[in-house]
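*Asks:* would you be able to build a 3D model of this:
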Amino acid sequence: MEVLIRAIFIFVFLWIAIRLSGKREVAQLSAFDMILLITVGDLVSQAILQEEYSVTSAVIAVSTFSLAGMALAWLGLRFPRMRPVLEGNPRVVVRDGEPLLEVLASERMSISDLHGAAREQGIRRLRDIELCVLETDGTFSFFTTTSATDPAPN
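*Replies:* Numbers count the residues shown, from 1 in each chain. So this is what the prediction gives:
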């Protein structure tokens, strides 16, 4: 029973930590971040299992994390008003070619991050962006003006 309680506590703690770290942080995991994540996973498992290496304890811990994740998904489906708390909200970061600096700051993003994401989509200038939305998964959705998407006349 202690393993179950520890697993629930660690799950909630990690969920809050990931939500507070920001959308782009989760979406842009580098190789180093992945190694760090695996290391954190090992440390978390030690905290949950208290160095108890039995198969039963591991099954309980993994099952608890899986069920807690499924419970959060179910809550989001069953109670739509809970979705912003569970998943976050998409945020407009550029409107009519003007970056919304206060939104970028609240998402802990720089204008360089925005320029880089625009370049990845083949957008050269922010003024060509009608609307840019930072999605809940940390990706950007760009909506450009028609002149930015039309081929140049010959």
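*Asks:* domain map for the protein?
*Replies:* Split into domains by automatic domain parsing, the chain comes to 2-87, 91-149.
*Asks:* next, the distance between the ends of the first one.
*Replies:* Going back to what we said before, that points to domain 2-87. Start and end residues of domain 2-87 are separated by 29 Å (Cα to Cα, to the nearest Å).
*Asks:* the helix or strand harbouring V12 - contacts with which helices or strands?
*Replies:* For V12, the enclosing helix or strand under DSSP states H and E is helix 2-21. Packing partners of helix 2-21 (3 or more Cβ pairs under 8 Å, 6 or more residues apart in numbering; DSSP states H and E): helix 31-49, helix 55-78. For the C-beta atoms, the positions are set from N, CA and C on the backbone; glycine is no exception.
*Asks:* now do the buried residues in stretch 11-18.
*Replies:* F11 (16 or more other Cβ atoms under 10 Å).
*Asks:* point out where the chain drops to low pLDDT.
*Replies:* Applying pLDDT under 70 to the chain flags the ranges 18-40, 43-44, 46-55, 57-59, 61-62, 147-154.
*Asks:* what kind of secondary structure is L131 in?
*Replies:* strand (DSSP: H, G, I helix; E, B strand; the rest coil).
*Asks:* so what's it bridging to?
*Replies:* Beta-bridge pairing of L131 under DSSP bridges involves R95, F143.
*Asks:* just checking, it touches V92?
*Replies:* Yes - with contacts counted by Cβ atoms under 8 Å, L131 reaches V92, the gap being 6.4 Å.
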